[in-house]
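Student: Sequence unavailable; structure follows:
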Ligand SMILES: C[S@@+](CC[C@H](N)C(=O)[O-])C[C@H]1O[C@@H](n2cnc3c(N)ncnc32)[C@H](O)[C@@H]1O
């Protein structure tokens, strides 16, 4: 062990650091993202730094989610952690263009005030507490948390040279780390249940997902208290008991690039989500058990396809040539859907689908043959 308590894997970033600069990761991470000058309060919003499904393919994603909402009997969509409302803008455009069913109600929530780009008919709550306090907003809703939970800060722990588990502290200005005390009893119990580190090699790390569990179960409990209940969908890069990353998954993003996770407010700080733990916590708060499926399969079962059948072609069914603009639009749409379904990209995200105050929803089987088992599937919850 270093004199300042660091673990033995010496990291040049850790040399010569003043101990008084260090804070637990959970604290530094929260300040960096959500403090007064936090990353997520910046005017450019998440879209200025990385590309989520709502930025890559808002139209197709909106179509799939509108279909999911209607298939599961919901009359509204509530987007929690909505960024600057990109998905809601696409849903509003889709619903306004449709002349069939009753339009879905739309509502967003993020840590910032209502974005100026939102159509009037989309509601907005600035902050989760405002949403949780307004129960009718959650009634009969499809509640979506798209890449929300991975940016909920949580404690980081590491196995030290003696085999003991210690909380990782970080200098917010530099990202240098040292090890602090063992985790408290609640974090230790979470680790024992969801991410056991006994006997693991020195340097093995874990992110303690309790704050993610708490956020999602608070939503589930409020949904369960509504007259008609709600469907809950959390979408993120995720792991379950069989697939925990041995080094944890803490990472930073700035301007579209993967960077060291320095919690100084200049970059996003994210870690994959222990989605089985989230499902269990939501279950204890009144939600159904939930299923975890990969995004690719979920979106295919909701009607998205980028296969040969989706090719736009250059002529209409009567044989007349299509205008170039129509062909280009169709090609752009096809490549957006392909990006959503890419198993090594956005298609590799996990969906946790559950319900509170109503039965567990079932996604239809995707069309076509079942195909071989997916070795990267997140596993049962
Ligand atoms: C990674 S971004 C994803 C944005 C959007 N869902 C998308 O897919 O493009 C996560 C968003 O969750 C928001 N967020 C995190 N914690 C939140 C909370 N407790 N209440 C409301 N929003 C939150 C952040 O401010 C950020 O805009």
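Tutor: On my side now, so go ahead. These numbers were taken from a predicted model, which means no experiment stands behind them.

Student: From now on I want contacts and neighbour counts done on CA atoms only, so please keep to that.
Tutor: Fine.

Student: quick one: the residue most central in space within the chain and residue 81, what's the gap?
Tutor: Among the residues of the chain, the one closest to the centroid is residue 147, at 2.1 Å (C-alpha atoms, centre = their mean). Distance of residue 147 to residue 81, computed by C-alpha to C-alpha, to the nearest Å: 8 Å.

Student: Around the residue of the stretch 101-250 of the chain found nearest the ligand, how many other residues sit close by?
Tutor: Taking C-alpha to the nearest ligand atom, the ligand has its nearest neighbour within the stretch 101-250 of the chain at residue 110, 3.5 Å off. Using other C-alpha atoms under 10 Å, residue 110 has 24 neighbouring residues.

Student: Can you name the residues bridging to it?
Tutor: In this entry, residue 110 is beta-bridged to residue 126, by DSSP bridges.

Student: what's the neighbour count on residue 39?
Tutor: Per other C-alpha under 10 Å, the neighbour tally for residue 39 reads 24.

Student: ok, back up a step: which pLDDT does the model give the residue of the stretch 101-250 of the chain closest to the ligand?
Tutor: Residue 110 is assigned 98 on the pLDDT scale.

Student: which residues does it contact?
Tutor: Residues near residue 110 by C-alpha atoms under 8 Å, 6 or more residues apart in numbering: 80, 81, 82, 83, 84, 125, 126, 127, 128.

Student: hmm, try it at 7 Å
Tutor: 80, 81, 82, 83, 125, 126, 127, 128 (C-alpha atoms under 7 Å, 6 or more residues apart in numbering).

Student: Please apply the same query to residue 249.
Tutor: Residues near residue 249 by C-alpha under 7 Å, 6+ apart: 271, 272.

Student: Quick one: low-confidence residue ranges for the protein.
Tutor: The chain contains residues with pLDDT under 70 at 1-20, 307-313, 323, 325-326, 368-381.

Student: where do the helices sit along it?
Tutor: Using DSSP state H, the helices of the chain run over residues 25-34, 53-56, 58-71, 86-97, 128-132, 185-194, 210-224, 275-284, 295-301, 324-341.

Student: So which of those is nearest residue 120?
Tutor: Taking C-alpha to C-alpha, helix 86-97 is the member of those nearest to residue 120, at 9.7 Å.

Student: How many residues are close by the closest residue to residue 234 other than its chain neighbours?
Tutor: Computed as C-alpha to C-alpha, 6 or more residues apart in numbering, the closest residue to residue 234 that is not its neighbour in sequence is residue 145, at 4.7 Å. When neighbours are defined as other C-alpha under 10 Å, residue 145 has 21 of them.

Student: ok, now residue 23?
Tutor: Each residue near residue 23 was counted by other C-alpha under 10 Å, and the total is 18.

Student: for the one 10 residues further on, same thing?
Tutor: Residues lying near residue 33 (other C-alpha under 10 Å) number 25.

Student: can you check residue 126 too?
Tutor: By the measure other C-alpha under 10 Å, the count of residues near residue 126 is 15.
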